[in-house]
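**Student:** fold the following for me, if possible:
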Amino acid sequence: MDGWLEVHDSTEQTINRLLETLLTSGVVDGLLVPLRTPDGRNAVPTLVRDPALLERAAPLAPVLPVNGATVLGRITATGAPGRVGAVLRNCELRTAVELSKVQQVLLDDVLLIGMDCLGAYGVEDYARLVEEGLDAVTPALMAAREGGVEPLPGYAFRPACTMCERPIPGVGESYAPHIAIGLLGVPNDERLWVSLRDEELGEALGLEPAEEPAGRIEAVRALVAARTAERDRRFAAFHERVHDASSLLAEFATCILCQNCMRVCPICYCKECIFRTDVFDHPSARYWDWAARKGGVRLPSDTLLFHVTRMLHMAHACVGCGMCSDACPSGIPVADIFRTVGRAVQARFGYVPGRDPAEEMVIATFREDELRELGER
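**Tutor:** Numbering: from 1, shown residues only. Next up is the predicted model:
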């Protein structure tokens, strides 16, 4: 069911009232939604049971401190005592779909709530613009009505956001949530475009049925085209730089092996990881042997092995959320590297992460003839 929801006071307040209705009417027993921190300098995923807390809800805050699907896993994976409504960006929605395939998120008792992503700033940039008294939401909504998505002057969106070709829930081989709120190409600030899976839910929310406006369709198409062009440009730049093992190692030249990229990656879900064991805590004599054989040994060692192992494990399911780049203290464009490799792997297997919970993960599927095109007999 698609249609219009009348806006009262403001777009964000209307969304918050929608969330409150879901909670107070018993449609959900809790809400996972970004709440502003007391100082307003961040908006963090919070499991809300008390409707009064929704006064601090910030579903449109353009900041992504953590991939919300990781949090969703923590409150559902071992069994949730009630149904949760999860407000997620589309990269987070697609991550939740992938994690559901490996039982790290249980979607049975989850009401997925998505909305057009108008871009997000890094955590430090968002805190700075709040400190400067800047309103990041209102200008973004005004630009979105005209079909544009641009950062505030003097600021830049997270690199991953600028190359995200699937910012709209349910569009472009993305899984459709139970509730999708449209902001892009909506003609005025008096109504919200909403898509629902359940008609009964539409009646409860007071949705006015209608067909999707042509202006919105064109705006979505233009944004996707622009993001795709930027993605392809960065993929091409990577391929121009990297063509063998030594040039790949050069990409990670400033890596300090802090493993931040692994710790924040929602797809790196393993409870037992070889890089969190003592396997790479080599005896001192081994370093001396390596140095004698090679003339010298880089320390910390195993840097490239760490990243290549991660690629082998999760490139097929990388959704491009960019948390890895955000967490890198050395400024390595980890997301660009993993997205480029992931794109090739996904194309090889015809797999689109986050497309369908019923679609088997590549890494969990074996077919006897799948390597014959590579020369296996």
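
**Student:** only C-alpha atoms from now on, for both contacts and neighbour counts.
**Tutor:** Fine.

**Student:** pull up the gap between P59 and L31, please.
**Tutor:** Per C-alpha to C-alpha, to the nearest Å, P59 is found 11 Å from L31.

**Student:** between the two, what contacts are shared?
**Tutor:** Overlap of the contact sets of P59 and L31 (by C-alpha atoms under 8 Å, 6 or more residues apart in numbering) consists of V87.

**Student:** which helix or which strand is home to E359?
**Tutor:** For E359, there is no host helix or strand (DSSP states H and E).

**Student:** swap that for R348, sorry
**Tutor:** R348 belongs to helix 334-349 when assigned by DSSP H and E.

**Student:** check A61 too.
**Tutor:** Residue-wise, A61 maps onto no helix or strand under DSSP H and E.

**Student:** mind listing what it touches?
**Tutor:** By C-alpha under 8 Å, 6+ apart, A61 lies in contact with 34, 43, 120, 136-137.

**Student:** wait, L249 sits on L305?
**Tutor:** No: at 9.6 Å, L249 does not count as touching L305 under the criterion of C-alpha atoms under 8 Å.

**Student:** which strands and helices sit next to the helix holding R348?
**Tutor:** With contacts taken as 3 or more C-alpha pairs under 8 Å, 6 or more residues apart in numbering; DSSP states H and E, helix 334-349 sits against helix 214-241, helix 303-314, helix 323-327.

**Student:** deepest in the core, which of the ones you listed is it.
**Tutor:** helix 323-327 (a mean of 23; mean count of other C-alpha atoms under 10 Å).

**Student:** where does the residue of the chain most remote from its centre land on pLDDT?
**Tutor:** For the chain, the residue at maximal distance from the C-alpha centroid (C-alpha atoms, centre = their mean) is A292, at 45.1 Å. Here the pLDDT value assigned to A292 is 95.

**Student:** mind checking how far it is from A285?
**Tutor:** Distance of A292 to A285, computed by C-alpha to C-alpha: 11 Å.

**Student:** swap in D244?
**Tutor:** Distance, D244 to A285, by C-alpha to C-alpha: 30 Å.

**Student:** same question, I337
**Tutor:** Taking C-alpha to C-alpha, one finds I337 at 34 Å from A285.

**Student:** between the two, who's got more neighbours?
**Tutor:** Taking neighbours as other C-alpha atoms under 10 Å, I337 and A285 compare with I337 leading, 23 against 9.

**Student:** contacting residues for the spatially closest residue to the more buried one that is not a sequence neighbour?
**Tutor:** For I337, ignoring the flanking residues on the chain, the nearest one in space by C-alpha to C-alpha, 6 or more residues apart in numbering is F238 at 7.2 Å. Applying C-alpha under 8 Å, 6+ apart to F238 gives the contacts 336-337, 340.

**Student:** JSON lines for those residues, including distance to A180?
**Tutor:** Formatted as JSON lines, the contacts of F238 follow (distance: C-alpha to C-alpha, whole Å):
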{"residue": "D336", "distance to A180": "28"}
{"residue": "I337", "distance to A180": "30"}
{"residue": "T340", "distance to A180": "29"}
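
**Student:** list the buried residues in the lowest-mean-pLDDT helix or strand in the chain.
**Tutor:** The weakest-scoring helix or strand in the chain, judged by mean pLDDT, DSSP states H and E, is helix 199-205 (a mean of 80). Buried residues in helix 199-205, defined by neighbour count with 16 or more other C-alpha atoms under 10 Å: 201-202.

**Student:** what ranges do the helices span in the chain?
**Tutor:** For the chain, applying DSSP state H gives helices covering 11-24, 68-76, 90-100, 123-131, 137-145, 159-162, 199-205, 214-241, 245-251, 260-264, 284-294, 303-314, 323-327, 334-349.

**Student:** for these, which one sits closest to M115?
**Tutor:** Nearest to M115, of all the helices of the chain, is helix 90-100, at 7.4 Å by C-alpha to C-alpha.

**Student:** just checking, what packs against that closest one?
**Tutor:** For helix 90-100, the packing partners by 3+ C-alpha pairs under 8 Å, 6+ apart come out as helix 68-76, strand 110-115.

**Student:** what's the nearest residue to the spatially most central residue of the chain if we skip its chain neighbours?
**Tutor:** By C-alpha atoms, centre = their mean, the chain has its centre lying nearest to C91, at 2.8 Å. Distances taken as C-alpha to C-alpha, 6+ apart place C321 nearest to C91, at 5.5 Å, with adjacent residues excluded.

**Student:** just G215 next, same as before
**Tutor:** Leaving aside its sequence neighbours, G215 sits nearest to G185 (C-alpha to C-alpha, 6+ apart; 5.5 Å).

**Student:** likewise for I15?
**Tutor:** With C-alpha to C-alpha, 6+ apart as the criterion, I15 has its nearest non-adjacent residue at 7.8 Å, and that residue is P59.
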